[in-house]
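**Q** sequence below, structure please.
(2 chains)
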2 protein chains.
Amino acid sequence: MKLKRNERIGAIVKILSEHPNKTFTLSHFTEKFNTAKSTLSEDIMLVKGVFEKLNLGKVITIPGASGGVRYIPFLSKADSMEFLEGISKKIEDKERMLPGGFLYLIDVIYDPDIVATIGKIFASIIDYSKVDYLVTIETKGIPMALMTAKAMNIPLLIIRKNSKISEGSSLGITYVSGTSGAVQSMSLPRRNIKEGSKVILIDDFMRGGGTIKGMHDLMKEFRAEVVATGVLISTVKPKEKMIDNYISLLEIEEGNGENIVRPSMSFLEKISENL
Amino acid sequence: MKLKRNERIGAIVKILSEHPNKTFTLSHFTEKFNTAKSTLSEDIMLVKGVFEKLNLGKVITIPGASGGVRYIPFLSKADSMEFLEGISKKIEDKERMLPGGFLYLIDVIYDPDIVATIGKIFASIIDYSKVDYLVTIETKGIPMALMTAKAMNIPLLIIRKNSKISEGSSLGITYVSGTSGAVQSMSLPRRNIKEGSKVILIDDFMRGGGTIKGMHDLMKEFRAEVVATGVLISTVKPKEKMIDNYISLLEIEEGNGENIVRPSMSFLEKISENL
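**A** As a prediction, this is how the structure comes out:
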C-alpha cells in the first residue's frame, strides 16, 4: 500500500501515541508503508516538530542498529498545573466529606481520562529509565497506577491485602495502618519480582504513611530497590510521615467542615527541575 | 500559531487517539490551529481516510451545532484473532499451572499493553452506545476493565469484596463462589450508581459464574440494567454456568496437566456480526 505523506504522518502518530515509551524500528514503518528510509526519516522529523510545537510530549530517535523512534509522554508545567488545580477544586467540594474524615473520591480516581492524565504527570516528574516494575496496593490506587505503568511502559504489580491461593506462593508482611492503628497484612506472589529489581511505588492517598511504609518493607523482602514513591494526595497533617522521600501531586489541609486542596510543594519542585 | 496541513493532521490524530469516544467540536481545532473551518474539514476527511485504510479504528463526524469529530476504537477480526491466539499460546504454558487447578496470569492480565488491546476488543464487540457505567469487581479484572472503560469513554466502578468505611454507605449482597462454594460478600457505595442506569460487567475469569451472578444480583439492588457481560477467559467445564448471556474472549479446556486455550465461540460470533 502506497501512502501520501499526510497519511503516513497520521498513521505514525496513531501508533506512537498508543504505545508510549515503546521503540519502533524504522523498518517497522518502511515495511508497513512501503516507503524509503529517507522519506520516513523526514516524516519522523515532522512528527517530532509538531509534538514539540504543540506540547504533545516528546518524540525521540535512537540511532544505530537497535535504534528507532519512541514517543515519551510529557505534560508541561502549565498543563499539569491547570489539570491539578481543576482536580483540587473538585475534591474541595463539601459534598465529598464523609463521617470519620474520609473523602468520597471514587468518581475522580476511577475516571479513565483523569487517571490517564495523572499517569502522564507521574511519567513527567519521575525518572523511570532503569525501573523494572511499577507497584501499587489494592484497590483504589490501581487505575492511576495502571495508567502510570502504561505511560512509562513498565509492568504493573498489585500488592494484595490478603494472599490469594490462585497466585501461587507469596511473600507477605504485616504493617500498622497509620489511619486506624490496626495491624494489617499485604503480600505479593513470589514469582512477581526478580531479586535486585528497581521499582516505583504508586498509591492514591497518604495520611500517616503506614501503608507506603509497609510497601517499602515488602519490597525489602524481595530485595528490590524503591527508586521513587508517588501519591496523588497527601494530607498536610501529620507533618511527620512514616517515610521521607515521596512525591505527592496534591496536598490537602483538613479544616473543620472545610478542606483546602492544592498542588503540593514536592510536585512544584519536581516539575520545575524537569523543564 | 499557524500550522501546515501535515502538522495539523499529526496533532488531530494525537488528540483523538488519546481520547477515544470523546466528541471534539470543530471549533476546538480551528481555534487551536488558527485555521478556517473548510480547511479543517479537509484535514478531518484525510484523518478519516487513513484510519480506514490502515485499520486504525473509525473516525466519525457528527453534523449540527452540537456536532464534531470522534474517534471510535475498533480492532478488526484479523487483528483480534492474531492477538487472542498469541495470548492463548502464552496462557497454555505448563509453567503457569498452580496447585488446585489455578493459573498464574498476573503478568498477562496486569500488562498495560495487553489490557489496552483487550479493552479495544471489548469495545469492538459490545454495544455501549447507551451505557452509563462499566462495572468490575476487585482485583484482577480491574486493569482490563479500566482500559475497556477508557476505550468506551464510560466511568468505571469497582465492586469491593468488603465494604469500606471510606466510601460512605453502601449496598451489599452475599453470593456463593462457584469455585469454592464459600459464601462471600460484595458491595458498592450507594452513591456510585443512579437508579435506572445501564451497565456493562467485565471480569477476568469465569468458571461456575458465581461471581458474575453475584454482580448481576447487586446491580438489581441498584435497579440497574446489565446490557452486556464480558470476561477474558471462561472454562469449558462446567458447561452450565450460573448466568446465560455473556461474551468470553477465550475459552480454556482443562486437561490432566495440560490446558488448551483458544478464542471462544461467543467471541467469534460477535466479531463476525460486527464486520
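**Q** of all of the stretch 151-275 of chain A, which residue lies closest to chain B?
**A** Closest contact between the stretch 151-275 of chain A and chain B, by C-beta to the nearest C-beta, is at A:S166 (4.0 Å). For the C-beta atoms, the positions are set from N, CA and C on the backbone; glycine is no exception.
**Q** which residues sit in contact with that residue?
**A** Contact analysis of A:S166 by C-beta atoms under 8 Å, 6 or more residues apart in numbering or on different chains lists B:98, B:100, B:102-103.
**Q** apply 10 Å and report the result again.
**A** Going by C-beta atoms under 10 Å, 6 or more residues apart in numbering or on different chains, A:S166 touches A:189, B:98-106, B:140, B:179, B:205.
**Q** so where's chain A shaky on pLDDT?
**A** Along chain A, the parts satisfying pLDDT under 70 run over A:163-165, A:179, A:274-275.
**Q** can you list the residue ranges for helices in it?
**A** With helices called from DSSP state H, chain A shows them at A:5-18, A:26-33, A:37-53, A:77-92, A:106-109, A:112-125, A:142-152, A:210-221, A:265-273.
**Q** just those helices: most buried one?
**A** helix A:142-152 (a mean of 29; mean count of other C-beta atoms under 10 Å in any protein chain shown).
**Q** and that helix with helix B:142-152, angle?
**A** 70 degrees (axes from the mean of the first three to the mean of the last three C-alpha atoms, to 10 degrees).
**Q** still on that earlier bit, any chance of the helices of chain A in TSV, plus distance to chain B?
**A** TSV is the format used below for the helices of chain A (distance: least, C-beta to the nearest C-beta, whole Å):
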stretch	distance to chain B
helix A:5-18	4
helix A:26-33	8
helix A:37-53	4
helix A:77-92	13
helix A:106-109	6
helix A:112-125	4
helix A:142-152	4
helix A:210-221	12
helix A:265-273	20
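**Q** can I get those in JSON lines including distance to B:K161?
**A** Listed next are the helices of chain A as JSON lines, based on distance: least, C-beta to C-beta, whole Å:
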{"stretch": "helix A:5-18", "distance to B:K161": "33"}
{"stretch": "helix A:26-33", "distance to B:K161": "43"}
{"stretch": "helix A:37-53", "distance to B:K161": "43"}
{"stretch": "helix A:77-92", "distance to B:K161": "26"}
{"stretch": "helix A:106-109", "distance to B:K161": "16"}
{"stretch": "helix A:112-125", "distance to B:K161": "21"}
{"stretch": "helix A:142-152", "distance to B:K161": "14"}
{"stretch": "helix A:210-221", "distance to B:K161": "18"}
{"stretch": "helix A:265-273", "distance to B:K161": "33"}
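**Q** and these: which comes nearest B:I271?
**A** Taking C-beta to C-beta, helix A:5-18 is the member of the helices of chain A nearest to B:I271, at 20.2 Å.
**Q** pull the distance from that closest one to the chain's centre.
**A** How far helix A:5-18 lies from its chain's middle: 25 Å, per C-alpha atoms, centre = their mean, to the nearest Å.
**Q** before we move on, what about stretch A:53-60?
**A** 19 Å.
**Q** ok so, going back, list buried residues within the contacts of A:S166.
**A** By neighbour count, with 16 or more other C-beta atoms under 10 Å in any protein chain shown, those hold A:189, B:98, B:102-106, B:140, B:179, B:205 as buried.
**Q** which one among those gets closest to A:N256?
**A** Using C-beta to C-beta, B:K140 comes nearest to A:N256 of those, at 40.9 Å.
**Q** so which of the buried ones among the contacts of A:S166 are in strands?
**A** Members of those lying in strands (criterion: DSSP state E): A:189, B:98, B:102-103, B:205.
**Q** need these in JSON lines with distance to B:V131, can you?
**A** Shown next, in JSON lines, are these (distance: C-beta to C-beta, whole Å):
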{"residue": "A:P189", "distance to B:V131": "34"}
{"residue": "B:L98", "distance to B:V131": "35"}
{"residue": "B:F102", "distance to B:V131": "32"}
{"residue": "B:L103", "distance to B:V131": "30"}
{"residue": "B:F205", "distance to B:V131": "22"}
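**Q** quick one: which of those is nearest to B:L26?
**A** Among those, B:F205 lies closest to B:L26 (C-beta to C-beta), at 43.8 Å.
**Q** got the contact list for the closest one?
**A** A:166, B:102-103, B:105, B:109, B:140-141, B:179, B:211-212, B:231-235, B:248, B:250, B:252.
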